[in-house]
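# whatever this is, show me its structure:
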Amino acid sequence: LSVLPSEILYELLLRLPVKSLLNMRCISKSWFALISCPIFIKTHLKFSTQNQDFRCLFRAFMRIASLLTLALLMQLCIKKNLPIYLYLFNLIFLAMASWVGACEGLFCFFNQFWVLFLWNPTIRKSKKLPFSGLDPHCGQSSSCGFGYIECQDGYKVVDIRGNSHGDVFLNVFKIYSLRSNSWKRIQDYP
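Numbering: from 1, shown residues only. Predicted structure coming up:
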């Protein structure tokens, strides 16, 4: 492979699935550096999103209803001649999790204790986010959001709590940055 021009090698690597790329990082230091480079990762993601394969994330528990639903989904995929990708994940946080959002292959959930998680099913890694400092039980309304800010090249989670103080309803906003792994409070909003 050392005779391949670097441009051709780069184009070949862009077309490989993530699992193969992760395995190839151990080939050499230069391959590790290339495959771990943020620019390569972003280009690979852009290339991968052009793939029109149908993907369905299905959370199944070992109950009859869940298994029947999974069987129906698989039957639909077979009938429509769609490829089936079955991944088994043993993620404790998903057992009682609520969906916040998904963006560019990352998923955001919170569990019954309002602990937030980011999950990348492609590389099978999850990250528990630090506590935002906002008490989930101390508020009349609670909301979360998840997204990607392109101009900052970063993923963000928004945690909002609302409380009434007399005649005024006050919202408290905190924003988590994956890049800095920290929360920042922004100005309260009536």
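# ok, then the element right after the worst-scoring helix or strand of the chain on mean pLDDT?
One helix or strand of the chain scores below all others by mean pLDDT, DSSP states H and E: helix 64-79, with a mean of 65. If you walk from helix 64-79 toward the C-terminus, the next helix or strand you reach (DSSP states H and E) is strand 98-103.
# who are the packing partners of the helix or strand following that following strand?
Using DSSP H and E, the next helix or strand after strand 98-103 towards the C-terminus is strand 106-110. Packing partners of strand 106-110 (3 or more C-beta pairs under 8 Å, 6 or more residues apart in numbering; DSSP states H and E): strand 98-103, strand 116-120, strand 141-149. Backbone N, C-alpha and C define where each C-beta goes, glycine included.
# partner strands of strand 106-110, parallel or antiparallel?
strand 98-103 (antiparallel), strand 116-120 (antiparallel) (DSSP bridges).
# okay, those in JSON lines with distance to Ser143, mean neighbour count and mean pLDDT next?
Output for the strands paired with strand 106-110, formatted as JSON lines (distance: least, C-beta to C-beta, whole Å; neighbours: other C-beta atoms under 10 Å; pLDDT from 0 to 100):
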{"stretch": "strand 98-103", "distance to Ser143": "9", "mean neighbour count": "14", "mean pLDDT": "84"}
{"stretch": "strand 116-120", "distance to Ser143": "12", "mean neighbour count": "19", "mean pLDDT": "87"}
